[in-house]
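Q: with the sequence up front, the predicted model follows.
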Amino acid sequence: MLLVSIASAAQQGTAARPKPQPKAQPKAPAAAAQPKAPAAATQPTPATAPAAAGAPTKETVEAFLKRMFGYEENIAFRVAELRPAADTGLTEALVVVNTPQGQQGMRFFITPDGRHAIAGDLMPFGTDPFATSRELLKKEAFGPAKGAKDSPLLLVEFADLQCPACKQAQPNLSKLQADFPQARFVFQNFPLENMHPWASRAAAYVDCLQRESNDAAWAFMESVFNQQSQITDANLAERLDGAVKAAGADPAKISACAQSPDTKARVQRSIELARQLNVSATPTLFVNGRPVGNLAGPDYDALKSIVQFELEQATKGAGAGSKN
């Protein structure tokens, strides 16, 4: 994490420039090792709850960052959001870091007394730490889906069609679909509007297509990912309409649907679901409620082992229940 590398140098009294790193990707709170991957897209999202009384202000956090890391003249910080961190009493700070190598994300937590900043991710705790997110996704995930609704294995991907890391993750996700044919796969729109200007429009197209045909929605997404690097503001409408036509749907109908208030509300609903689950980077895959990042890495076996483990946990739980 960028905060750790800079902070380490600060504490040692050095002024060495931190090496360029990928944009922040939340590590899955998992016991199994996570696969490594290219940079994921990260975007702080607007708070869903008011800041707690006595929580630090953006001005205070900016002053902290300048005082802690001000020796790095070529790095600028912008506090994008401060929000309560679940029910912990901590404040989560989401920061955009501008470096000569580009924009990166930083996340850390501030203690209630305002005296300490904690780098890293909060993990759910308990004998079944992913139960809450698993049940939420079973109830609320509504995007394009493949597989039986009553499958013991639910995989939900939050992604953005303009996100390069999401495109890079598709081969591994396709392998998962082949290796776990009994699973239910759901795609949830999470367009990172601050970073990807046409992602929201593409998300609206996905939503409209899904309501006509799941198969058409999946075909459209594959087509958009395949031509992602060729899409520009100038040819956006032509490219999206072409992908709709290739998927077997009516471009004029889908384009009109994508601009409707109802569709915009549905895309926003998907974004709000991501926020409830503390998703801050794309792509993020939930495996029976367990968040997994770094989906595009070469170590597919590590990703597969996590899915297999969660399937075994779900099957074991069902079996134990049937014996009683």
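A: Structure's in. What do you need?
Q: distance of residue 103 relative to residue 287?
A: Separation of residue 103 from residue 287 (CB to CB, to the nearest Å) stands at 29 Å. C-beta: built from backbone N, CA, C; applies to glycine.
Q: and what of residue 106?
A: 26 Å.
Q: tell me which of the two has more neighbours.
A: Higher neighbour count among residue 106 and residue 287: residue 287, with 26 against 23, using other CB atoms under 10 Å.
Q: now that one, nearest residue through space, not along the chain?
A: Counting by CB to CB, 6 or more residues apart in numbering, residue 310 is the residue found nearest to residue 287 once chain neighbours are left out, at 4.7 Å.
Q: what's the local residue count around the one you found?
A: Residue 310 has 24 nearby residues by other CB under 10 Å.
Q: again, but for residue 196
A: Neighbours of residue 196 using other CB under 10 Å come to 20.
Q: ok, now the one 4 residues further on?
A: Using other CB under 10 Å, residue 200 is surrounded by 21 other residues.
Q: am I right that it is in a strand?
A: No: the assignment for residue 200 is helix, going by DSSP: H, G, I helix; E, B strand; the rest coil, so no strand is present there.
Q: what are the ranges of the strands in this structure?
A: For the chain, the strands defined by DSSP state E occupy 41-42, 76-84, 91-99, 102-110, 117-119, 145-146, 154-159, 184-189, 281-282, 284-287, 290-292.
Q: just so I know, which of those strands lies nearest residue 265?
A: strand 184-189 (12.2 Å; CB to CB).
Q: just checking: what are the partner strands of the closest one?
A: strand 145-146 (antiparallel), strand 154-159 (parallel) (DSSP bridges).
Q: pull the longest helix from the chain.
A: helix 300-323 (DSSP state H).
Q: tell me the contacts of the residue lying closest to residue 240 once chain neighbours are set aside?
A: Distance criterion CB to CB, 6+ apart; nearest residue to residue 240, sequence neighbours excluded, is residue 205 at 5.6 Å. Residues in contact with residue 205 (CB atoms under 8 Å, 6 or more residues apart in numbering) are 220, 240, 243-244, 254-255, 258.
Q: okay, now the unreliable bits of the stretch 201-324 of the chain?
A: 317-324 (pLDDT under 70).
Q: try it again at 90.
A: Along the stretch 201-324 of the chain, the parts satisfying pLDDT under 90 run over 275, 278-281, 293-294, 296-299, 316-324.
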